[in-house]
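J.: Make a model of this:
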Amino acid sequence: MQLLLSVKEYVSQKSYFPKIQGAILMKKILLTVVLGVAVGAVAQSTAPPAQGQSATPPAQAQAAAPAAAPQAAAPAPQTAAPVIKDPAEYNAYVGAVQQTDPNAKISGLEAFVTQYPNSVMKNQALEILMGTYQQANNPKKTMETATKLVTADTCNVRALALLAYFDRVMAQGGDPNAKQLLTDGKKYGQQGLDCLPKFAKPDGTSDADFQKTKDQMTGIFHAAIGIACLQDKDNACAVTHLKPAVDASPDTQKDFSLVYPLALAYLGQTPPDSQNGIWYAARAASAAPAAAQAQVEKYARSQYVKFHAGDDGWAEFLAAAKANGPQVAVKPAPTPAEQCHTMVAAKKPEEMNFAEWQFTFTNCSPEDQNMVWTAIKGKAVQMNGSIISTTPTEFMIAGSSDDIDAKKADITLKFEEKIPLRMIPKDGASFDFQGEPASYTPNPFMMVMEKGQLLKAKAAPPATKKPPVHRKPAAQ
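T.: As a prediction, this is how the structure comes out:
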């Protein structure tokens, strides 16, 4: 298996699903246990035909199932076997299904369906033919037969499972007709979910095996719908269907073609579901093909750091995801108030720059704000800023780098006497000044400084950018 698209391409929405090499795709379609269960029970769900007397031998029914399918108990006698009145038709059917050579059986069944298109045994013949093509490792003919079967029997869940699975995986494998395959797969998936409640337990099948088969089919149908929804950028729909597809069995927890899209669906929601998205992204890193593991892991880590505001705990989180154990929560980033308290505890107010004061008075708790304000209020401060607008008695100044870049005033500097016009700086000019903090408003931030003075020499360097604020994510 090989990942043909980069994580960047996935995230930029050029494509939402991992590609799978064709050879491995075919192997997966033909050998997966899920599909073996889906097709292998053909003989146990349909009654053998009769020609006015005895039913077909049980051995015939056993021969109809693919060799890779799990073993099941012999079918119980049928009480309502379909009847073929035409001896030639009867002999053609029995002669075909009793063939032990797959190629001979295929030839016989194809001839039977062509010669007797309205036969009472047409659906059963197509089911056996579908399974025999699968046994013969002929995916193209398997799917062609499944399509014919669904046309004849719209609620044949075995054929619907094959079609939904095949279309989804072929689309993820980079088939040039991927868009149509996804549309078809979604249709078959929904049709399968609608028909599953009507799916009768085949004779000779235990309750446990029957439930397992239904669960596996449910996962197949949800996967086809979920991948189609993801490609349509309907992330809510994708999550709704991909989550049960991933949860269908322990094996699907390791299926990169489902786990990684589920992560993208969670993270693509508005707001993103970071807790689930990061977890499944980490799981996808362990399930990814060897050549892509580092790339996917890098993406998962970036989402972790973005949400947590640091990489502490990442190694343990990734290990838990790779162990395929219970989901582990990601600790959210510190709130702005928590970040602010850490800064205030580590730095004296008089040693802070203006941007750090601004961060304090817009994010800290009232207690921390009062502590800093008490320390600086009325104390002369020398600093540099950028002129936004002026009057002879009042300058509007941008003091932090962020607000200088935005040409937004965050300081009102008041003078006790008028400033001569020749000494007033032009708008946008950088200049040095002194003032005493007198009051502030937090939102939008504005600090009023009184007893303003113009300084001839450059005093303090420009304030640095405000500390980054890691906002607490919205509740999921």
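J.: what's Gly330 sitting at in phi/psi?
T.: For residue 330 the amino acid is Val, not Gly. Torsion angles at Val330 (phi, psi; degrees, to the nearest 10) stand at phi -100, psi 130.
J.: So it is in contact with Gly277, correct?
T.: No: with contact defined as CB atoms under 8 Å, Val330 does not reach Gly277; the gap is 9.6 Å. In this view, the C-beta of every residue, glycine as well, is placed from N, C-alpha and C.
J.: of those two, who's got more company?
T.: Under the criterion of other CB atoms under 10 Å, the comparison of Val330 against Gly277 puts Gly277 first, with 26 against 21.
J.: For the helix or strand hosting the more buried one, which outside residues touch it?
T.: Counting by DSSP states H and E, the element that carries Gly277 is helix 274-287. Outside of helix 274-287, the residues that reach it under the criterion CB atoms under 8 Å, 6 or more residues apart in numbering are 246, 253-256, 259-260, 262-267, 293, 296-297, 299-300, 303-304, 306-307, 317-318, 321-322, 324, 327-330, 473, 476.
J.: Now Ala329. Nearest residue, chain neighbours left out?
T.: The shortest distance from Ala329 to any residue other than its chain neighbours is 6.2 Å, reached at Gln275 (CB to CB, 6 or more residues apart in numbering).
J.: neighbours around that neighbour, how many?
T.: Each residue near Gln275 was counted by other CB under 10 Å, and the total is 16.
J.: got it, and the one 4 residues further on?
T.: Trp279 has 24 neighbouring residues, counting by other CB under 10 Å.
J.: Now do it against Ala333, distance only.
T.: Between Trp279 and Ala333 the distance is 17 Å, computed by CB to CB, to the nearest Å.
J.: Asp232 now?
T.: 32 Å.
J.: same check, this time on Ala355
T.: The separation that Ala355 has from Ala333, given CB to CB, amounts to 20 Å.
J.: Next: Ile106.
T.: Remark: distance between Ile106 and Ala333 (CB to CB) = 61 Å.
J.: and if you look at Met130?
T.: For Met130 relative to Ala333 (CB to CB), the value is 53 Å.
J.: Mind checking which of the two has more residues around it?
T.: A direct count of neighbours by other CB under 10 Å for Met130 and Ala333 places Met130 higher, at 28 against 19.
J.: What ranges in the chain fall below the confidence cut-off?
T.: 1-81, 252, 457-476 (pLDDT under 70).
J.: mind giving me the domain ranges of the chain?
T.: The chain breaks down into these domains under automatic domain parsing: 32-232, 337-454.
J.: Pick the most buried one from those domains.
T.: Neighbour counts averaged per stretch over the domains of the chain are highest for domain 32-232, at a mean of 19; criterion: mean count of other CB atoms under 10 Å.
J.: Show me how far that domain is from its chain's centre.
T.: Centroid displacement of domain 32-232 relative to its chain, using CA atoms, centre = their mean, to the nearest Å, is 31 Å.
J.: and what of stretch 289-305?
T.: 14 Å.
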